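Asker: Pasting the sequence and the predicted coordinates here, then a few questions.
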Amino acid sequence: MALPITLSEIGPRISAGAFILNSGLGKRAADEETAAGLHGFASGTYPFLKDVEPRQFVQALSTAEIAVGAALLTPFVPTALAGAVLTGFAGGLLGLYLRTPGMRKEGSLAPTEQGLTIAKDVWLLGIGVGLLTRGTVDRGSKRVQKAARTLAKANKRVSRAEQKMERKADRRGARAAA
């Protein structure tokens, strides 16, 4: 059984997966001050998080990062699924960048010094979209190509069978005429 990934997908999946997994594992042991800081930053951008306790938020974030990293690093997870998970995760990070005051230069997408640490995560979005595209569009076209090859082989078999039947009919006609 072939793996649902190709050699060209291994590099992006390992680089993004290892980075995110390491980040998630690092947050597992976050102290109260770190938890409060991360929670305050995220809840300032995503107000629905204000009702979540900082420690609970960091544990959930840690678990999510570990799950995303593991999905990317597991070769049995289809590329389209890994790409969709990474795209969603990176979208959340970039939402922080785009919505948090002081992260971008006035009237621009360019990051301020404070925004640079999150703006750089655009590479995760690029990898996610690339994997998602590769896993859906490219794989889909490969399936279509495979189906077309199978159909072409079937058509050749039918054509050979028709030719064989014609030759038999010609022989029968020749015997009947003789």
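Answerer: Right, received. Where do you want to start? What you are looking at is a predicted structure, and each value in this text was computed from that prediction instead of being measured.
Asker: which residues of this structure score low on pLDDT?
Answerer: Scanning the chain for pLDDT under 70 picks out the ranges 1-3, 138-148, 151-152, 154-155, 158, 162, 169.
Asker: which residue ranges form the helices in it?
Answerer: 7-27, 32-45, 54-73, 79-99, 116-119, 122-133, 139-177 (DSSP state H).
Asker: possible to save those helices as TSV with mean neighbour count?
Answerer: C-betas here are computed from N, CA, C, even on glycine. Formatted as TSV, these follow (neighbours: other Cβ atoms under 10 Å):
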stretch	mean neighbour count
helix 7-27	17
helix 32-45	15
helix 54-73	19
helix 79-99	19
helix 116-119	16
helix 122-133	19
helix 139-177	10
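Asker: In CSV: the ones you listed, plus distance to Leu109.
Answerer: Shown next, in CSV, are the helices of the chain (distance: least, Cβ to Cβ, whole Å):
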stretch, distance to Leu109
helix 7-27, 22
helix 32-45, 16
helix 54-73, 24
helix 79-99, 8
helix 116-119, 8
helix 122-133, 10
helix 139-177, 32
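Asker: so which of those gets nearest Lys105?
Answerer: helix 116-119 (10.6 Å; Cβ to Cβ).
Asker: send the alpha carbons of that closest one over as PDB?
Answerer: C-alpha atoms of helix 116-119 as PDB (Å, rounded to 0.1, in the frame of the first residue of the first chain):
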ATOM      1  CA  LEU A 116       7.500  40.500  13.100                       C
ATOM      2  CA  THR A 117       7.300  37.500  15.400                       C
ATOM      3  CA  ILE A 118       3.800  36.700  14.100                       C
ATOM      4  CA  ALA A 119       4.000  38.000  10.500                       C
END
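Asker: on contacts alone, who are the packing partners of it?
Answerer: For helix 116-119, the packing partners by 3 or more Cβ pairs under 8 Å, 6 or more residues apart in numbering; DSSP states H and E come out as helix 79-99.
Asker: The helix it packs on vs helix 32-45, what angle?
Answerer: Angle, helix 79-99 to helix 32-45, by axes from the mean of the first three to the mean of the last three Cα atoms, to 10 degrees: 80 degrees.
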